[in-house]
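*Asks:* Below: sequence and its predicted model.
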Amino acid sequence: MKRLRVLVSAYACNPVTTEAAFPGEALVGWNLTRQLGRFHDVCVLTRAYNRPALERALKQKDISGVRFVYVDLPYGCSVLLRNFFGFRVYYLFWQIKAYFVARALHRQFQFEVFHHITFNNDWMPSFIGAFLPVPFIWGPIGGGQKVPVALWGELARKDRITEYLRNTGQIFWRKSLFRRRCVRRASAILVCNRETEKGLALSKNKIHSFPVNGIAREEFLTTKTPRSSHGEFRILYAGRLDPIKGIHLGIQAFSSFYRAYPDSRMEIVGDGPCEAPLKALVERLSLTCGVRFVPWLSRESLLERMSDSDVLLFPSFRDGGGAVVVEAMACGLPVICLDTAGPAFHVQDAWGIKIRPDDPNIVVMKIVEALKRLYGNIDLRKGMGLNACRRAHEYYLWERRGEHLQEIYQTVIQAESPTGATSPQSSTGAARGILETGIRA
């Protein structure tokens, strides 16, 4: 397959995992564009916020085939980034501006594929994908996941209102002309969980299962072995401290487990709006000696924490991806999660324990049972850890994700252009132009 001229939209695309850069999405944008550059000549539209980190990375690493074009809104619009709904408005207008930039670039370089990588979900349309007249690849996308009905009562009133508004907004956007045109025009849609795939209800020829997370080869910690049951049994949670993460159920489960196994410890890594209520819950349950809160960590430090833990507990209600689950697998950790959305996509019985998102009391009881099962059986922990690491290496390595993406591209191009015809401008000349022209919108 010849090198194609590919235009990518990756609003979040950053090699540095900071909260402001949307770490999960940013790493997906960064790693998938790098992988595309192995096979094609890629022009990436991204937010100007990412520029310093991207330019440092380009100087430090041997990266070819990728050029970044920085698109931003007027400075005054940044006030919209202060809250979730404001960000959605900002991103909507960013997409519109990016479309006009894309149209101008397309007139110059005649792209052969457009790929919308980040931000992505099944209800927010891609304006470039909807209107740029080239084959369109969309994803990986989530968005179909919702808080399970049985767990709605675990959310505070204001959080239930937020979820209601989110679900209502999704209904509106799914019926919009732009979104319907996106679905119709997409040559391939990459989905990251079963809920999203079910909601799209499209031909299997168009939909491809594709995780929204991956792992770098150098991040594998294959030498991890379980600690003896005579030492501390260490349970790790890592992620934003949000209401939908279900951390309070994890703490309640740990309270019961801790009474039976006082040599256990729970570490909660992250920041967020639920930090104060969660700390209050720990004090109320007299767990201050057993639970430790750790502020946001760099990716490297978090992986070190994982290497010193025994199990990842991630009871999130509706994570579309759940990058921390893949990271834990790569570090040889068994995972306990709810059987829903992204974590359920990642975890199988051979390397984790999935719990049905049922009545909260039942969920807490099942978490306790899972912890006891792993605590009492070092061989089981070791076997699950090895299986998790093997799965991460075979499926989630970014190089393997890139090869899978190349297969999808080949399928799309063959379907769109069975005769193998190329555009009037030579591929080599246009590609050179993409990689040599610097543009800032």
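*Replies:* Cool, got the structure.
*Asks:* Report the buried residues of stretch 196-207.
*Replies:* Across stretch 196-207, burial judged by 16 or more other Cβ atoms under 10 Å covers 196, 197, 199, 200, 207. In short, each C-beta sits where N, CA and C put it, glycine included.
*Asks:* which residues are contacting stretch 86-102?
*Replies:* With Cβ atoms under 8 Å, 6 or more residues apart in numbering as the test, stretch 86-102 has contacts from 7, 9, 11, 45, 47, 69, 71-73, 77-81, 114, 119, 124, 126-128, 131-132, 169, 439, 441.
*Asks:* After the helix or strand hosting residue 373, heading C-terminal, what element do we hit next?
*Replies:* Per DSSP states H and E, residue 373 falls inside helix 360-375. Beyond helix 360-375 in the direction of the C-terminus, DSSP H and E gives the next helix or strand as helix 378-391.
*Asks:* same for that next one, what does it pack against?
*Replies:* Applying 3 or more Cβ pairs under 8 Å, 6 or more residues apart in numbering; DSSP states H and E, we find helix 378-391 packed against helix 323-330, helix 360-375.
*Asks:* How far off centre is the longest one?
*Replies:* If I follow you right, that is helix 360-375. Taking Cα atoms, centre = their mean, to the nearest Å, one finds helix 360-375 lying 26 Å from the centre of the chain it belongs to.
*Asks:* Show me what that helix packs onto, helices and strands only.
*Replies:* Applying 3+ Cβ pairs under 8 Å, 6+ apart, we find helix 360-375 packed against helix 247-260, strand 311-314, strand 335-338, strand 352-355, helix 378-391.
*Asks:* so can I have CSV of those showing mean pLDDT, mean neighbour count and distance to residue 275?
*Replies:* Below are these laid out as CSV (pLDDT from 0 to 100; neighbours: other Cβ atoms under 10 Å; distance: least, Cβ to Cβ, whole Å):
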stretch, mean pLDDT, mean neighbour count, distance to residue 275
helix 247-260, 96, 21, 10
strand 311-314, 97, 26, 17
strand 335-338, 97, 26, 21
strand 352-355, 97, 22, 24
helix 378-391, 94, 18, 29
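*Asks:* could these go into a markdown table alongside distance to residue 147?
*Replies:* A markdown table is the format used below for these (distance: least, Cβ to Cβ, whole Å):
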| stretch | distance to residue 147 |
| --- | --- |
| helix 247-260 | 13 |
| strand 311-314 | 15 |
| strand 335-338 | 11 |
| strand 352-355 | 15 |
| helix 378-391 | 26 |
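*Asks:* and residue 136, which of these is closest to it?
*Replies:* helix 378-391 (30.8 Å; Cβ to Cβ).
*Asks:* Report the buried members of the contacts of stretch 86-102.
*Replies:* In these, burial by neighbour count holds for 7, 9, 11, 45, 47, 69, 71-73, 80, 114, 119, 124, 126-128, 131-132, 439, counting by 16+ other Cβ under 10 Å.
*Asks:* Restricted to strands, list those.
*Replies:* Among the buried ones among the contacts of stretch 86-102, the subset assigned to strands under DSSP state E consists of 7, 9, 45, 47, 69, 71, 114.
*Asks:* Report pLDDT for the fifth one.
*Replies:* Looking at residue 69, its pLDDT reads 96.
*Asks:* My read is that it contacts residue 43, right?
*Replies:* Yes - Residue 69 is within contact range of residue 43, at 6.2 Å (criterion: Cβ atoms under 8 Å).
*Asks:* shared neighbours of these two, anything?
*Replies:* Joint contacts of residue 69 and residue 43 (Cβ under 8 Å, 6+ apart) are residue 105.
*Asks:* how far off helix 247-260 does the helix holding residue 373 point, in degrees?
*Replies:* 50 degrees (axes from the mean of the first three to the mean of the last three Cα atoms, to 10 degrees).
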